[in-house]
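[1] need the 3D shape of this:
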Amino acid sequence: QVQLVESGGGLVQAGGSLRLSCVASGSVFNIDAMSWYRQAPGKQRELVATIADTGTSKSADFVKGRFTISRDNAKDSVSLQLNSLKPEDKAVYYCNAEAHFGILKNIIFWGQGTQVTVSS
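    Here you go, the predicted model:
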């Protein structure tokens, strides 16, 4: 099992910045990719950015140039730097870990989420 705890959400004005952090515990050596998703009210959860254990990362088109994902394997953590925030970035942001256990792969774990609110 893997447990994920997010922190760093809050209220910020448009154009401002926030840094989200997620710390993993439990079977951390089984974690492969870590990602950030978000879910706005009335909308489906969507992928924001993902980073492999090798450090290779991908971001959704809507956040490229504004959000940056990073990972610290020594601290079992993943962060998301949010810059130039817009009101439409308001959502609950979730940390996600993809792990393997023996022959079982793509086992998904979720954090509890952290609220990001952007005022106009």
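[2] let's verify the residue nearest in space to the middle of the chain: helix, strand, or coil?
    Taking C-alpha atoms, centre = their mean as the criterion, Trp36 is the residue nearest the geometric centre of the chain, at 2.2 Å. Under DSSP: H, G, I helix; E, B strand; the rest coil, Trp36 falls in the strand class.
[3] contacting residues for it?
    20, 22, 47-50, 69, 78, 80, 93-96 (C-beta atoms under 8 Å, 6 or more residues apart in numbering). For every residue, glycine as well, the C-beta is placed using N, CA and C.
[4] now Glu6
    Contacts for Glu6 were tallied using C-beta under 8 Å, 6+ apart; they are 20-22, 93-95, 111-114.
[5] could you look up the SS state of it?
    strand.
[6] partner residues bridging it?
    In this entry, Glu6 is beta-bridged to Cys22, by DSSP bridges.
[7] and the pLDDT at it?
    With respect to pLDDT, Glu6 has a value of 95.
[8] for Ala14, see how far away it is.
    In this structure, Glu6 and Ala14 are 22 Å apart, going by C-beta to C-beta, to the nearest Å.
[9] cool, Ile103 as well?
    For Ile103, the distance to Ala14 (C-beta to C-beta) stands at 48 Å.
[10] so the two - more neighbours on which side?
    Ala14 (13 against 5; other C-beta atoms under 10 Å).
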